[in-house]
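> After the sequence you'll find the predicted model.
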Amino acid sequence: MTKIKKLEMAAAVSNEKDITVTESFFGLCEKAIYTPTGSRVKADTYEYSQSNGERLIALVDSGIKELEKELERGVIVRATPVGHIRAEVCVSDDRQFLALNILKFSNFEYVPVRGPRLFRGHDAEVASRLFKVG
């Protein structure tokens, strides 16, 4: 599991009004809570090959209704140990909140493809099915 403050989208998640981030033990431990439900928010990163990463971007950009249809059809976007495209994901334990930032490797660093996207409620539940969260 990754710390939220280590993510490229750390400021966007920390500044979100529905997220409370607290640090303890001299800043070594952090805890994020999605305040509307009181659920803990965990951060993780996933890497994808060029083709699977482009597929992930297309699915996210297609909208929730289309994404839900594709997931019901059994579409899976497989992560790889090392990839050209990285997804930073923050998701609440109850899957009612999800923050997603997709980055692409370019000039020896990961640069954002678009800004962070935030999902809530049903939309977050659907989008979380793209990732191994639990």
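Received it, and whenever you're ready, just let me know what you need.
> I'd like the next helix or strand past the helix or strand harbouring Glu47.
Glu47 is part of strand 39-48 when elements are defined by DSSP states H and E. For strand 39-48, the following helix or strand on the C-terminal side (DSSP H and E) is helix 50-61.
> Next one: Thr80 from Ile19, what distance?
Distance, Thr80 to Ile19, using C-beta to C-beta, to the nearest Å: 29 Å. C-beta: built from backbone N, CA, C; applies to glycine.
> I meant to write Lys6 there.
16 Å.
> Neighbour count for the two, which is higher?
Ile19 (21 against 11; other C-beta atoms under 10 Å).
> So what sits opposite the more buried one in the bridge?
Tyr34 (DSSP bridges).
> my guess is it contacts Thr35, does it?
Yes: under the criterion of C-beta atoms under 8 Å, Ile19 makes contact with Thr35 at 7.1 Å.
> Asn52 is in contact with Arg78, correct?
Yes: if you go by C-beta under 8 Å, Arg78 and Asn52 touch, sitting 5.9 Å apart.
> ok, these two, which is more surrounded?
Legend: neighbour count by other C-beta under 10 Å for Arg78 and Asn52, higher for Asn52 (19 against 10).
> wait, what's in contact with the more buried one?
77-80, 83, 85 (C-beta atoms under 8 Å, 6 or more residues apart in numbering).
> Most widely separated two among those?
Arg78 and Ile85 (12.2 Å; C-beta to C-beta).
> now the nearest residue to Ala32 once chain neighbours are set aside: how far from Tyr34?
Distances taken as C-beta to C-beta, 6 or more residues apart in numbering place Val41 nearest to Ala32, at 3.9 Å, with adjacent residues excluded. Going from Val41 to Tyr34 by C-beta to C-beta gives 5 Å.
> Pull up the overlap in contacts between those two.
By C-beta under 8 Å, 6+ apart, the residues touching both Val41 and Tyr34 are 19, 92, 97.
> Output those in TSV; the columns should cover distance to Gly115 and pLDDT.
Output for these, formatted as TSV (distance: C-beta to C-beta, whole Å; pLDDT from 0 to 100):
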residue	distance to Gly115	pLDDT
Ile19	16	95
Ser92	20	97
Phe97	17	97
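> Having no further points to raise, I will conclude here.
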